[in-house]
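Peer 1: Provided below are the primary sequence and the corresponding predicted coordinates.
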Amino acid sequence: MQVGLFIPCYIDQLFPDIGFATIEVLEKHGVAIDFPRQQTCCGQPMANTGCKEDTRPVAVKFYEIFKDYPYVVCPSGSCVSMVRHNYDDYLAGRPGFEELKQKTFEVCEFLTDVLGVDRIEGRFPYRVGLHNSCHGHRGLRLGQPSEIVAPPFNKVGKLLSSLDGVQLTQLSRPDECCGFGGTFAVNEEAVSSRMGLDRLSDHEQAGTQVLTAADMSCLMHMDGLIRRQRKNIHVMHVVQIFAGRQPPF
């Protein structure tokens with residue numbers, strides 16, 4: 001099976017190990033990967049700020065680059081949600097666009113829903129707190145939101161819990177927003193920081209050693225607060241854990 005790998009711009013520029021970890025995890029499960037070098041951003045920063053015409057050429061470029069791949073995989077629920085739920089304004093009616101939306105997957109979602117993976121081999125003997133990011137949890141339905149009365153499920157949590165030695169910490173508010181929200185963190189700095197500190201307080205009370213998520217944007221926001229407040233929590237993207245990376249304890 002071959003996939004086109006889409007790496008978010010902030011991961012490419014700031015957290016490249018997440019991209020390498022994604023490759024390692026996919027190849028471990030028999031996936032052949034192609035990384036088109038001409039790829040850029042998904043356009044979400046511009047779209048969230050209301051700059052629709054600046055978003056259009058970026059969306060068109062994504063479509064032209066990835067439309068012919070059998071699958072597109074990305075280590076970001078936020079970017080995948082952008083493709084599935086916000087590209088219609090720019091690409092509706094183009095040949096293959098509906099198929100492109102359906103075959104673009106967040107990496108954990110791809111592992112569970114396409115490859116049928118229910119266990120990750122490896123050992124991670126730490127207390128892990130899972131942040132259920134808004135776009136992935138609610139936009140992509142990686143898990144059951146707490147406001148919906150239905151049988152619970154969590155695709156990322158299921159994979160995490162299969163690791164030997166791991167302990168998933170129990171939060172009082174398991175799917176509350178971290179406050180990042182892209183440009184919201186810039187325009188509403190005080191509110192954004194307060195929300196992030198609330199989330200970290202929940203993790204501290206639960207005994208989290210390693211804070212993880214399927215979106216590095218959320219983790220980047222909380223990691224900044226962790227470092228400024230000198231909190232004893234280490235941040236790792238979930239694919240880094242799956243790839244066997246260990247925290248520097």
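Peer 2: On my side now, so go ahead. In this text the structure is predicted, and so the values were computed from the model without any measurement.

Peer 1: per-domain residue ranges of this protein.
Peer 2: Residue ranges for the domains of the chain, per automatic domain parsing: 2-114, 127-242.

Peer 1: need the ones you listed in JSON lines with mean pLDDT and mean neighbour count, can you?
Peer 2: Yep, even glycine has a C-beta here, placed from its N, CA and C like the rest. Shown next, in JSON lines, are the domains of the chain (pLDDT from 0 to 100; neighbours: other C-beta atoms under 10 Å):
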{"stretch": "domain 2-114", "mean pLDDT": "97", "mean neighbour count": "18"}
{"stretch": "domain 127-242", "mean pLDDT": "95", "mean neighbour count": "18"}
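
Peer 1: dump those into JSON lines; add distance to residue 249 as well.
Peer 2: Putting the domains of the chain into JSON lines (distance: least, C-beta to C-beta, whole Å) gives the following:
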{"stretch": "domain 2-114", "distance to residue 249": "18"}
{"stretch": "domain 127-242", "distance to residue 249": "7"}
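
Peer 1: longest helix of this protein?
Peer 2: helix 189-206 (DSSP state H).

Peer 1: just checking, what packs against that helix?
Peer 2: Secondary-structure packing of helix 189-206 (3 or more C-beta pairs under 8 Å, 6 or more residues apart in numbering; DSSP states H and E): strand 127-131, helix 184-187, helix 216-229.

Peer 1: contact partners for residue 63?
Peer 2: Shown in contact with residue 63 (C-beta atoms under 8 Å, 6 or more residues apart in numbering): 87, 91, 94, 97, 100.

Peer 1: what strand or helix carries it?
Peer 2: helix 52-66 (DSSP states H and E).

Peer 1: parallel or antiparallel, list what pairs with the helix or strand following that helix.
Peer 2: On the C-terminal side of helix 52-66, the closest following helix or strand by DSSP H and E is strand 72-74. If you go by DSSP bridges, strand 72-74 pairs up with strand 2-5 (parallel), strand 104-106 (parallel).
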